[in-house]
Each structure stands twice: as C-alpha cells, then as structure tokens.
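A.B. asks: Sequence first, predicted coordinates after that:
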Amino acid sequence: MRTEQITSDITIVGAGLSGICAAIAAARLGSTVALINNRPVLGGNSSSEVRVWVCGATAHGTNRYARETGIMGELFLENQYCNPEGNPYLWDLVLLEAVRAEERISLFLNTDVHEVEAEGTEEDRHIRSVTGWMMGSERRIRFESPVFLDCSGDGLVGFLAGARYRLGREAAHEYGEEWAPETADQITLGSTLLFYTQDAGRPVRFVPPSFAKNIEETPIPIKRVIRSGDSGCHYWWIEWGGELDTVHENERIRDELWSVIYGIWDYIKNSGQFDAETMTLEWVGSIPGKREYRRFMGDYVLNQNDILAQEPFADRIAFGGWSIDLHPPQGMYAEASGSKHMHADGIYHIPYRSLYSANVSNLLFAGRNVSASHVAFGTTRVMATCAVMGEAAGTAAALCAAKGVSPRLIHNQHLKELQQTLLRQDASVIGLQNEDRQDLAPKAVVTASTACMTIAIDQPVASYRLERDIGILFPIDPSLQGMELLVSAEEDTELQVELWDTGREENYVPAKQIAERTIRVTKGEEQWIHVSIQWEPAHSQNAFVVIRQNDRIRLYQSNQQVTGVLSFEKGATPHAVASLEDHDESQPVVAWSMKALNRKPFCFKITGKTDAYLPEKVIDGYKRPYGGPHSWMSLPLYENENGEAWVELEWEHAVSIREILLTWNDDVNEDLINLHHHRTPFEIIPELVKAYRIEAEVEGKRVLVQSVKDNRRRTNRIALNHFVSTRNLRIIVEETNGGPCAELIEVRVYS
C-alpha cells in the first residue's frame, strides 16, 4: 500500500456531469483541480455503466430555445459530431477528452472517498481534507485544498463534514408546496436499471435465471408499456426503492431490479405475445441509477413555487426547464402512472445560494444534492441541469480560491463578478447582460455588409389543413404593422387571428391577448391574405399569433429556418403515454407543441422592416434568445458580394487587442441528446459558421489576424500571439455548416 498527499486549489468529489463541468470551469479560470471519481469511467448516471440519457431544460423539445450552453453545450455539440448514433462508450470518450484537455485538472478514477477531516462548531464547520482509496492500485490518497465541492450525488463528503441536509419529502406547510405531502416522511425517488437489446438475425432462445420475477403476477404488464423492440431509455420506469434507504439498501434494490428486467425479457421472449424470436439481450446494467438521496441545506432552499413562478433571483447563476417530475414511491409496482409532471411556462432560474452549504464554510455542491425541496428537486435532478449548476459552482470555487474567501462571501461581496464571469464563459444564464468593463466591443460602432431586415417565409413545400389551432411566434422590433398568411380555401370562409404577448422574455407561449381580427377568405389556392394587426410594444419582444381552427383552410409549411421564428400546434398529440407520464395537457408549454413543426415553419410575411437582426445586436449584451433572437443575421450569403458577409467594429481611437471571443448561433432550440432517445438529422448545427477570417486595419492596410476553417463550435476563443493595435476589426464569414445566412450572437474584444 502506498500513502500519498495531493494539494490543489479545489478538490471535487464526484465526476458525473456536475463534477466534470465544475472541474473544467475552475481549471479554465486558472485553478488547479483534483477531480475524484469512484468509478473507472466519467459521467455518473450518463456513463456506459448506467446509460441514462442526459435530459435538461429543453424537456425533449417542450421548452423552446432552452438547450444548455457553456460546458454542457460544448459536450452536446461534440457528442453530436463524434457520436451521432448515441454509442454509450463514445459518450464516455467525449467526457474523458473534455477533462484531459484541461491541463490543470488531475483526474483520479477508481478512487472512493470515505474519510473527511473537518473542524469547527456545528454552525461553522471547515473541511481540511478528504481521503480516498484508489481501488486496484492500493493507493491511499489524502486531498487538501481551501475549497471542496461535493458532486457525488449521494452527498457523502458533505455528510461526513457535518453539513446540514434533508432526506425525503418535506411537509406541505414548510414551503407552501401544493405537491408536498401533508406530513414529512423519508420517501425518495427510486433507482433504475436499464438494459439494451438487439436483433441477432437468427432465432435466439432465452432461459431465464432462477430469480427472474413472473411479472404477470404484478401490475407491470397492465400498468406499464412493454414492447419487444424497446430497450434503454424506454424502460426508465423499471424503478424501485423509493420506500427504502436508496444508499444502504442499494444491493437489495439492484437485485429486485434485476429480477424484473429478466422477468420482462422472459415475458417478451417466452409468453408468445411478442415478435421477438430473433431478439437477444445485448447489455444489462449492474449499477442502479439513483435518483435521490441527501439534499444539502444552503442559504436558500429552492422550492416548487419558485419553479412555477420562474422566480428571477438576483443571484441566478443557471437555469432549468425539466418539468417537476415525481414518481410513485412503489415505482414499477405502482397502480398509478410511472410519473406525474408539472410544468412552468418556460425555463426557471436557479440561485447561487442553493449551491453552497449553510454551515460548512468551504463547501459547495452541485448535482442532485443541491439545496432544494423534494418537489423542486423533481426538476433540478436531471443531468444537464446538474451540469450547468456544476459549471456555476466550479466558477464560484475558482473565485473563492483566487480571492481566499468563502462561497458565502462570493454571494455577499462578489456576486456580480461571478455572474459576469459566467456570462463571459457562455454559461447557461438567462436575462443578464454583459457588463464586463474590460470588454472593448461595446465601445465600438458596429456595421455589417448586409442584415436581414424582413421576416418572410415564402417558399412552401407542403400544405397543412387547419384542423386545430396553430401559433406563429416571431420578434417584434420595434413594431408590428401587419402580416400576411399563405392559405388555400375550399370555399369562402373566415379566419380568426389573435395577437398575444408571451408574458416573460424567456417564455414562448401565449400569455396576454393584445388584439384579434376576423379575416374574410375567398375560395382559392395559395393566396396571400393580409391580416391588419398592429402592435408597438414598450420594448422589443416576441409576438405569438394564434390562428384558430378552420378545416376548410390549408396553411403552408416551408423548409426555411429563420432564427427567432417558431410554429406551434395546440393539442396535436398527447405529450406521452398516460400510463407512463401524467402531464396536464392544459398547461401552456404542453398544450402548444412545436415538436412536429421543428424546422418546418408556416409560410407568412411581416409587413415592413424589422430591426431584430441588426449588426449592433452582437454587442447588446445578451447571449441567448430573450424576448428576441439577439443575433446579427446577414442576407443569404449568395446575395452578398463574393458570397461572403461581414460585421465590423470601429472605435473612435485605436485599441490594443490580444483576445477575441466570438459566439456563433448554434440554434439552442434544437434538442440534442447524448444517447438514443431520438436522432438529430445533422452532425453539425447548420446555422453554425464553418469558415471565417478576421481582419484588422493596421497603418492603413487590412491585415489578416486569424483564419478559421471547419468550425463546429458555438464559442471561439481567439488568443493572438501579439497585440494588434487597430481602430477597425472585421469578421468575414465565408461559409456556414448549411444555413443560408451568417449569424453571429456576440463579439467580445479584450486587451
């Protein structure tokens, strides 16, 4: 046996997505990081050992413009390119490569931390070190640092350090939560094992093990969905253990889950009810994917009311968007639906105060152990949301280490710096503007070769019978003077059109009606009809136009994709199979779905000009759609001189430039996934700019500063080898990855 000691700025225990993103964020800010994981692979529940797919704020396309950016966004894009088929082993590699790319991270796999040295009173604890045993190597390693992050899921480090925590469900009166029980209890969400199947191409028999459960003696065949071609994420409902202690009864839970998996497969193969003669088991999990255990107490406990109100916390550092998703305590044996869901009207905000301990002065946490009630935890627990909290916690930890202060003092004295640092890193924060005084770009005048000044989707490819209400969302900047719709009518009829706002800038559902019109439509094919509807809001925002059902009318769909424009159907299809997921179909984000219309918008035109895509949007301070796209968009490249489009920054006096940050549009409305829940048809987001160059005017001549080919990333950080002194900087787009226009969200310039 060998005894070692590791000293670093930050120690992170747990290398699921929250720990990975925390480590990368801290390392990029200059901190040395010890990242410790008790498994041989990274990714936690998303790894090839467990294979839970990474859900997040998009809620599988329920929320709009909600895909995570920052480090989680980078991982999504990289996986989409390297692993479009969703191979779990390749996802492991995407994560490993991301960690290894950061030289300040020291990675310790197979290292189980089970000792914590802490001191102080119950109200003011301080961690000095943690110690782990590296399995298979006989190495006992002691880790010291001024700041610690517990990203372990179960929260063992915080528990051993004496951090306050909750386990189970709070009573309804504690936070006034509608979905909390009347009396507090120890019930949690259960654990799940998954399995994969494949077609062997020849008959394969299955002899069940002795412990396989006869599921026909359980409610499972009646209350759950079993299909011979399903595997993996389709069987998330194989869940059990919520009425037990999911940590101390982990082995018992695993054995019960195994018995049901092999029982289900016996039922599929041998009951005669399924076409499964050539099907065989490819993989069965052996590590239960835990959903819930300890939740630490921070300076704030996020609760159900915060989620539904989309509370815009002053200390917001991340966002989520998954529904409040709670499962019955009996899991797979429950008579009730496998899950019940409550949705906010859009994404919600997460406060920094929920990421650090109320009583351990140098402990932060991220993942499924953050400071949230059991009900609120029902949404924060999904992995992409855990990841964005991890990036925020890692960023805060780096500031703690650099300044020599506690996480609480970061909130009390350095909150704005934390938020601005997150924005600079393109983290998943909504509604905050760039106020970085070191950024030279806002001091420049911005112009462009061309800019899209109209909103017109006028190339139909398919008709759409108006058998249900539909919606069209688009930006109003600065006003709406009218619109046109492309329709066909089987007979003379009327069309009911309504104009609504969306309530909040981060929402994409109708909230308050502004106006309504009845339009006479004469019999005829593919006619543009004018809708005389006007609106001049106090500030630029999105409009939601509702067109009421009339099955004598057909609208038209197009393949034209325009950033900031979305189309919706109301009540088109149930959100999910009711026996598995109980959704309230009247909730706006469920009722108004765009899933079947993604990249298939309705044909319409806006009367007059729009300012929504002007070049100065690249310095307006917003990095995500928020009451509008906040992006420069050129005319199609073929309409620009030489097939190129450019945006230019010009300063009154020469500036000295050493670093340029570019944020390209990667369509955060597109729902990406790491494994096999669904297949996205392209490996690189088409709107992303592929090739560009940067030129500066130096001593009266245009000088090439940088040339980039084959870009497939949203954020480009360009560090120059030497300072460039110039009054004029031009970014010239040569080619995209498939989109017709050049689209740039933000430019930052630093000296």
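C.D. replies: Perfect, I can see it now. None of the values given here were measured: they were computed from a predicted structure. Numbering: from 1, shown residues only.

A.B. asks: Across the sheet, point out what pairs with Ser191.
C.D. replies: Trp240, Lys290 (DSSP bridges).

A.B. asks: Spit out the contact partners of it.
C.D. replies: With contacts defined as C-beta atoms under 8 Å, 6 or more residues apart in numbering, the neighbours of Ser191 are 239-241, 246, 250, 253-254, 257, 288-291. The way it works is simple: take the backbone N, C-alpha and C, and place the C-beta from them, glycine included.

A.B. asks: The same query, at a cut-off of 7 Å, please.
C.D. replies: 239-241, 246, 253, 288-291 (C-beta atoms under 7 Å, 6 or more residues apart in numbering).

A.B. asks: Which pLDDT does the model give it?
C.D. replies: The model reports Ser191 with a pLDDT of 98.

A.B. asks: Then His575?
C.D. replies: 63.

A.B. asks: Kindly indicate which of the contacts of Ser191 lies nearest Arg679.
C.D. replies: Gly289 (22.5 Å; C-beta to C-beta).

A.B. asks: Run a quick neighbour tally on the closest one.
C.D. replies: 22 (other C-beta atoms under 10 Å).

A.B. asks: Likewise for Pro537?
C.D. replies: 16.

A.B. asks: which ones are touching the residue nearest to it when sequence neighbours are not counted?
C.D. replies: The shortest distance from Pro537 to any non-neighbouring residue, by C-beta to C-beta, 6 or more residues apart in numbering, is to Ile476 (6.0 Å). Residues near Ile476 by C-beta under 7 Å, 6+ apart: 535, 537, 540-543.

A.B. asks: rerun that using 6 Å as the cut-off
C.D. replies: Taking C-beta atoms under 6 Å, 6 or more residues apart in numbering, we find Ile476 in contact with 537, 541, 543.

A.B. asks: For the last one, list each beta-bridge partner.
C.D. replies: The one in question is Ala543. Here Ala543, judged by DSSP bridges, has bridge partners Phe474, Asp501.

A.B. asks: ok, which stretches of the stretch 101-250 of the chain are strands?
C.D. replies: 105-108, 111-121, 124-134, 139-144, 147-150, 165-166, 191-192, 195-199, 239-240 (DSSP state E, counting those that start in this stretch).

A.B. asks: if we can go back for a sec, got CSV for the contacts of Ile476, with distance to Pro219 and pLDDT too?
C.D. replies: Formatted as CSV, these follow (distance: C-beta to C-beta, whole Å; pLDDT from 0 to 100):
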residue, distance to Pro219, pLDDT
Pro537, 52, 97
Gln541, 48, 97
Ala543, 47, 98
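
A.B. asks: Just the closest of those to Ser129, please.
C.D. replies: Gln541 (51.8 Å).

A.B. asks: just to revisit the earlier point, how far away is the residue nearest to Pro537 from Gln413?
C.D. replies: Ile476 sits 40 Å away from Gln413, taking C-beta to C-beta, to the nearest Å as the criterion.

A.B. asks: Over to His374?
C.D. replies: On the measure of C-beta to C-beta, His374 and Gln413 end up 32 Å apart.

A.B. asks: next one: Gly390
C.D. replies: 23 Å.

A.B. asks: These two: who's more crowded?
C.D. replies: Neighbours were counted for Gly390 and for Gln413 using other C-beta under 10 Å; Gly390 has more, 36 against 11.

A.B. asks: which ones are touching the more buried one?
C.D. replies: 18, 21-22, 366.

A.B. asks: so which strand or helix has it?
C.D. replies: helix 383-403 (DSSP states H and E).

A.B. asks: Ala572: what's its closest spatial neighbour, skipping adjacent residues?
C.D. replies: Using C-beta to C-beta, 6+ apart, the nearest residue to Ala572 is Ser593, at 5.7 Å.

A.B. asks: Is that neighbour bridged to anything, and to what?
C.D. replies: Glu569.

A.B. asks: Can you report how many residues lie near it?
C.D. replies: 20.

A.B. asks: and it, what pLDDT?
C.D. replies: Reported pLDDT for Ser593: 95.

A.B. asks: ok, now how distant is Gly190 from Leu257?
C.D. replies: In terms of C-beta to C-beta, Gly190 sits 9 Å off from Leu257.

A.B. asks: which neighbours do these two share?
C.D. replies: Trp240.

A.B. asks: roughly how far out does the longest strand anywhere in the chain sit from the chain middle?
C.D. replies: Of all segments of type strand in the chain, defined using DSSP state E, the longest is strand 715-736. Remark: strand 715-736 is offset 29 Å from the chain centroid, using C-alpha atoms, centre = their mean, to the nearest Å.

A.B. asks: try stretch 39-57
C.D. replies: 15 Å.

A.B. asks: List the buried residues in it.
C.D. replies: By neighbour count on 16 or more other C-beta atoms under 10 Å, the buried set for stretch 39-57 is 39, 41-57.

A.B. asks: again with stretch 730-743
C.D. replies: So, applying 16+ other C-beta under 10 Å, buried residues of stretch 730-743: 730-737, 739-743.

A.B. asks: and these as JSON lines, adding pLDDT and distance to Met279?
C.D. replies: JSON lines is the format used below for the buried residues of stretch 730-743 (pLDDT from 0 to 100; distance: C-beta to C-beta, whole Å):
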{"residue": "Arg730", "pLDDT": "98", "distance to Met279": "59"}
{"residue": "Ile731", "pLDDT": "98", "distance to Met279": "53"}
{"residue": "Ile732", "pLDDT": "98", "distance to Met279": "54"}
{"residue": "Val733", "pLDDT": "98", "distance to Met279": "49"}
{"residue": "Glu734", "pLDDT": "98", "distance to Met279": "49"}
{"residue": "Glu735", "pLDDT": "98", "distance to Met279": "45"}
{"residue": "Thr736", "pLDDT": "98", "distance to Met279": "42"}
{"residue": "Asn737", "pLDDT": "98", "distance to Met279": "38"}
{"residue": "Gly739", "pLDDT": "97", "distance to Met279": "41"}
{"residue": "Pro740", "pLDDT": "97", "distance to Met279": "44"}
{"residue": "Cys741", "pLDDT": "98", "distance to Met279": "46"}
{"residue": "Ala742", "pLDDT": "98", "distance to Met279": "48"}
{"residue": "Glu743", "pLDDT": "98", "distance to Met279": "45"}
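
A.B. asks: and of the residues you listed, the nearest to Phe274?
C.D. replies: Asn737 (41.8 Å).

A.B. asks: Give me the distance between Leu363 and Leu75.
C.D. replies: Distance from Leu363 to Leu75, by C-beta to C-beta: 25 Å.

A.B. asks: mean confidence for stretch 27-42?
C.D. replies: The model assigns stretch 27-42 a mean pLDDT of 98.

A.B. asks: Please export the C-alpha coordinates of it as CSV.
C.D. replies: What follows is stretch 27-42, C-alpha atoms only, in CSV (Å, rounded to 0.1, in the frame of the first residue of the first chain):
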residue,chain,number,x,y,z
ALA,A,27,-9.5,24.9,-14.5
ARG,A,28,-10.2,27.4,-17.3
LEU,A,29,-10.2,30.1,-14.7
GLY,A,30,-6.7,29.2,-13.6
SER,A,31,-7.4,26.9,-10.6
THR,A,32,-5.6,23.6,-10.1
VAL,A,33,-8.3,20.9,-9.6
ALA,A,34,-8.3,17.4,-8.2
LEU,A,35,-11.2,15.6,-9.7
ILE,A,36,-12.1,12.3,-7.9
ASN,A,37,-14.4,9.6,-9.1
ASN,A,38,-15.2,6.2,-7.6
ARG,A,39,-15.8,4.6,-10.9
PRO,A,40,-13.5,3.7,-13.8
VAL,A,41,-15.3,6.0,-16.2
LEU,A,42,-16.7,9.5,-16.1
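
A.B. asks: okay, and for the stretch 451-600 of the chain, where does confidence drop off?
C.D. replies: Counting by pLDDT under 70, the stretch 451-600 of the chain shows low-confidence ranges at 575.

A.B. asks: how near is the residue lying closest to Ser48 once chain neighbours are set aside to Ser8?
C.D. replies: The shortest distance from Ser48 to any non-neighbouring residue, by C-beta to C-beta, 6+ apart, is to Pro88 (3.8 Å). In this view, Pro88 and Ser8 are 30 Å apart by C-beta to C-beta.
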